[in-house]
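Asks: Here is my input, please return the structure:
(chains A and B)
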Amino acid sequence: MSAAHTVIELAGRKITVDLPHLAFATAIAAWSTWFCWDSWHASPDIENLILIVPGTVAAVILYGFVAAGCFRLANGARTQEMSPREPLVAGLGVKIAGSMALLAAFAFAGPLIGFDVASFVYMLAMMAFLGERRITVLLLVSLVFCVAVIYSFNVFLATPLPLFFFSGYAS
Amino acid sequence: MIDLSALVAALHLLGNSWQPWLIVIPGILIGLIVHAVPGLTTSMALAICLPLIPYMDFLQALIFMTAMYAGAVYGVTLPAILLNVPGSASAVGTTFDGFPMARAGKHNEALGLALAASCFGQAVAYSLLLVLAGPIGAFALKLGPPEMLVLSIWGLTLIGSLRGRHLSRGLLAGVFGLLLGTVGLSARGAARGTFGADLLLDGIPLVPAIVGLFAAAELFNLVGRDYIVEDLTQRRVQAHRILAGAREAFRHPGVLLRGALLGSGVGIVPGGHAIANLLSYSQARRAAKDPEKFGTGDPRGILAAESANASSEGGSMATLLALGIPTGGATAVMLVAFSMHNITGGPSFMRDHTDIVYAVILSSLAQVLVLGVIGFAFTFVAGLVVKVRLRMLVPIILALAVIGSFELAHNIAGPLTLAAFAVIGWIMQKFDYPVSAAVIGLLLGRRTEGDMLRTFQMSGGHFDFVLSRPIAMAMLFLLVGSMLLPYLRLARTRVAEPERIIQ
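Replies: Numbers count the residues shown, from 1 in each chain, chains lettered A, B, ... in the order given. The predicted structure follows:
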């Protein structure tokens, strides 16, 4: 049993609950149910729901099995079977969360402010965040990536990238 | 089946001038380089070069495009093995065992295996095409929605094989992916699960979602490390180990041949190129005596996926040449090249230009050798990626993937999909859900729904309709048989075990 599991008391019995996993599985089941409802709302024809309804039913049934597996009697013989997740190494969680946030910011900002500026800033920030401290490496790699990739993409590909410089969408 | 006079004419066309051969090496190189960048596709590589087509004669143009196609088919495996980033759906199966091998410091061998399987698959497919181009085209015409549905179901059964340690989580991940794959406009024009956003009307952009799911799970986990391969002694890129990997491939001739034949067959149907690698992987796993080794860095996994992926190219070309029908983005762009020369593909093309068809097939067979040499050199360079520090490599790969996803979706939906699925993929991995099962569902969701719908409409809701489709029935029997095979083998082993103990 890992530290992520919570012990609750129910009817005088101690029960171990894997709350983070339960929340994730519930999110999948909730989205699936909402998706089915939304599809039904859009059109109740069989042509529209031929795969979605059986898929959702399967998702809800499977969720039942997964959710049941998130509850175990504390100190029971099967408690050890609960997903023994390895705790993240100290500091790694922050690095992963930071990397995710930077990626999301880049994905959002690139098309809006232009990929030239956004990719330069993203490369610089991400490398620094992951531990690169040499200023010349930070600037040089970011600049070379930015110029080489953006130029190649815009020259060779059919959809020009949005750019901040050179008047927005280059052709 | 071979028109000998046309074959001689084809040899004359190819041997009379060095000009058609001039563009083979650049073609293969462009294909390799473009597809080694996550997010860029074969059709993109071909489309980039379309402006050059009018300046070439028709045969030269076709050879150039098939060379690019051949290079791209192998190029896509490089990021799949080295970074767990499948640049397209056709490389998903390669990641299952390719990346575990790379993580274990066997990147040289994994790349050698993939190169050999790729060359072998293409050689088998084009040899078949040379002999059976006409019959293959005629067979492709007989495959309708019910047969496509069986193929899709066949692909979906892979979810069961990839369930990981927990069956319910694996299946839930697969069903989740399947539902995600149906987001967007339905055949009836109803918008489903789009949150009112026009960007999602075409559905969730597939490649950005796949790259996000796969790349995230691994790249985010790698941020705390220095290199992909931690052991300095294992980090070397060594030609003799790449060659050893290539030699190892031929120790599993059954896996290679089965993959190549399956890929050639599946490649002839629209969209078959994308699922050939998955079907072959699934079959190889089921047929293996030790299926539990698959997914942990088993060479047979790479061979099965890669030989099928490469041979599906030949299948796609069969449909393009014999029927004039594109089976995917790449062959659709090739059809544009046909029209640039005022030529229409199809039965009349096969009849009137048999010599050109044979010349293309023969040159493709020769390209296999060129790919072997150039691919080896390129592999050597690409393998150096394991020497790059991850604090530099991770931002470069993620930035390329984001920019590539914008190019694919043509709007912000691509990058946002990639970022969102990156997070989902990482969480799934943390809770021990097989990301690959979700990817299979995502890949096959819309396709399965379309095939189900068309089959339903054809049958009028009568299930006995399938009895009137002999090919679909045969495929169903094969599917059921292949699913039962591991259990029959297990039962046989259990029967044999007590005898061994007694002895």
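
Asks: Would you mind naming the residues that bridge with the closest residue in space to residue B:203 that isn't next to it in sequence?
Replies: Nearest residue to residue B:203 in three dimensions, chain neighbours excluded: residue B:184, at 3.4 Å (C-beta to C-beta, 6 or more residues apart in numbering or on different chains). (Each C-beta comes from the backbone N, C-alpha and C, glycine too.) Residues in a beta bridge with residue B:184, per DSSP bridges, are residue B:192.

Asks: Show the pLDDT at residue B:184.
Replies: The per-residue pLDDT reported for residue B:184 equals 93.

Asks: got a list of what it touches?
Replies: The contact partners of residue B:184, taken as C-beta atoms under 8 Å, 6 or more residues apart in numbering or on different chains, are B:191-194, B:200-204, B:446.

Asks: Same question for residue B:301.
Replies: Neighbour list for residue B:301: B:93, B:96-98, B:281, B:284-285, B:294-295 [criterion: C-beta under 8 Å, 6+ apart].

Asks: what about residue 95, how many residues close to it?
Replies: In the absence of a named chain, this looks at chain A. Around residue A:95 there are 17 other residues, counting by other C-beta atoms under 10 Å in any protein chain shown.

Asks: wrong one, I was asking about chain B
Replies: Around residue B:95 there are 28 other residues, counting by other C-beta under 10 Å.

Asks: Can you give me the buried ones in the lengthiest helix in chain A?
Replies: Among the elements of chain A assigned as helix by DSSP state H, the one spanning the most residues is helix A:19-42. Neighbour counts using 16 or more other C-beta atoms under 10 Å in any protein chain shown place A:20-22, A:24-25, A:28-29, A:31-32, A:35-36, A:38-40, A:42 of helix A:19-42 among the buried residues.

Asks: Could you list the low-pLDDT ranges of the stretch 401-503 of chain B?
Replies: Screening the stretch 401-503 of chain B residue by residue with the criterion pLDDT under 70, one finds the ranges B:485-486, B:489-490, B:493-494, B:496-503.

Asks: of all the residues in it, which ones are close to chain A?
Replies: Those residues of the stretch 401-503 of chain B that sit near chain A, judged by C-beta under 8 Å from any C-beta of the partner chain, are B:402-403, B:406-407, B:410-412, B:415-416, B:418-419, B:422-423, B:426-427, B:430-432, B:445, B:448-449, B:452-453, B:456-457.

Asks: which ones among the residues you listed are found in helices?
Replies: B:402-403, B:406-407, B:415-416, B:418-419, B:422-423, B:426-427, B:430, B:445, B:448-449, B:452-453, B:456-457.

Asks: which of the residues you listed are buried?
Replies: Those of these that meet the buried threshold are B:402-403, B:406-407, B:415-416, B:418-419, B:422-423, B:426-427, B:430, B:445, B:448-449, B:452-453, B:456, by 16+ other C-beta under 10 Å.

Asks: Briefly note if the helix or strand harbouring residue A:103 comes near chain B.
Replies: Residue A:103 is located in helix A:92-113, with elements delineated by DSSP states H and E. Yes. Counting by C-beta under 8 Å from any C-beta, chain B is contacted by helix A:92-113 at A:92, A:95-96, A:99-100, A:103-104, A:106-108, A:110-112.

Asks: State the next helix or strand along the chain beyond that helix.
Replies: Past helix A:92-113, further along toward the C-terminus, the next helix or strand under DSSP H and E is helix A:115-129.

Asks: how far off helix B:413-430 does the helix holding residue A:103 point, in degrees?
Replies: Put simply, helix A:92-113 runs at 170 degrees to helix B:413-430, going by axes from the mean of the first three to the mean of the last three C-alpha atoms, to 10 degrees.

Asks: From the centroid of chain B, which residue is nearest?
Replies: When C-alpha atoms, centre = their mean is applied to chain B, the residue found nearest the centroid is residue B:90 (2.1 Å).

Asks: Counting neighbours, which of the contacts of residue B:184 comes out on top?
Replies: The most neighbours of any of the contacts of residue B:184, using other C-beta under 10 Å, belong to residue B:192, which has 25 neighbours.

Asks: mind listing what that residue touches?
Replies: Residue B:192 sits next to A:35, A:38-39, A:42, A:48, A:52, B:182-186 when contact means C-beta under 8 Å, 6+ apart.

Asks: Which residues does stretch B:443-460 contact?
Replies: Counting by C-beta under 8 Å, 6+ apart, A:46-47, A:50-52, B:89, B:92, B:144-146, B:148-149, B:151-153, B:155-156, B:177-182, B:184, B:187, B:203, B:206, B:210, B:271, B:274-275, B:278, B:465-466 sit against stretch B:443-460.

Asks: What is the burial count for residue 63?
Replies: Just going to use chain A. 22.

Asks: The chain in question should be chain B.
Replies: The number of residues packed around residue B:63, counting by other C-beta under 10 Å, is 27.

Asks: Now it: which helix or strand?
Replies: Assigned by DSSP H and E, residue B:63 belongs to helix B:58-75.

Asks: what's next to the following helix or strand past that helix, contact-wise?
Replies: Downstream of helix B:58-75, the next assigned helix or strand under DSSP H and E is helix B:77-83. By C-beta under 8 Å, 6+ apart, the residues outside helix B:77-83 that reach it are B:32, B:35-38, B:85-87, B:91-92, B:94-95, B:98-99, B:101-102, B:107, B:110-111, B:114, B:118, B:215, B:218-219, B:228, B:302, B:306, B:309, B:378-379, B:382-383, B:385-386, B:393, B:397.

Asks: Compute the inter-axis angle for the helix holding residue A:103 and helix A:115-129.
Replies: Here helix A:92-113 points in a direction 170 degrees away from that of helix A:115-129 (the same axes, to 10 degrees).

Asks: So for helix A:92-113, what gets flagged as buried?
Replies: Buried residues in helix A:92-113, counted by 16+ other C-beta under 10 Å: A:95-96, A:99-100, A:102-104, A:106-107, A:109-111.

Asks: Please render those as a markdown table that adds distance to residue B:123 to the earlier fields.
Replies: Formatted as a markdown table, the entries for the buried residues of helix A:92-113 read as follows, by distance: C-beta to C-beta, whole Å:
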| residue | distance to residue B:123 |
| --- | --- |
| A:95 | 46 |
| A:96 | 44 |
| A:99 | 42 |
| A:100 | 43 |
| A:102 | 45 |
| A:103 | 41 |
| A:104 | 45 |
| A:106 | 42 |
| A:107 | 41 |
| A:109 | 47 |
| A:110 | 42 |
| A:111 | 43 |
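
Asks: thinking again about what came up before, what subset of the buried residues of helix A:19-42 is also close to chain B?
Replies: By C-beta under 8 Å from any C-beta, the members of the buried residues of helix A:19-42 lying near chain B are A:20-21, A:24-25, A:28, A:31-32, A:35, A:38-39, A:42.

Asks: Packing partners of the helix or strand in which residue B:351 is found?
Replies: When secondary structure is defined using DSSP H and E, the element that contains residue B:351 is helix B:347-352. Packed against helix B:347-352, as judged by 3 or more C-beta pairs under 8 Å, 6 or more residues apart in numbering or on different chains; DSSP states H and E, are the following elements: helix B:107-142, helix B:299-323.
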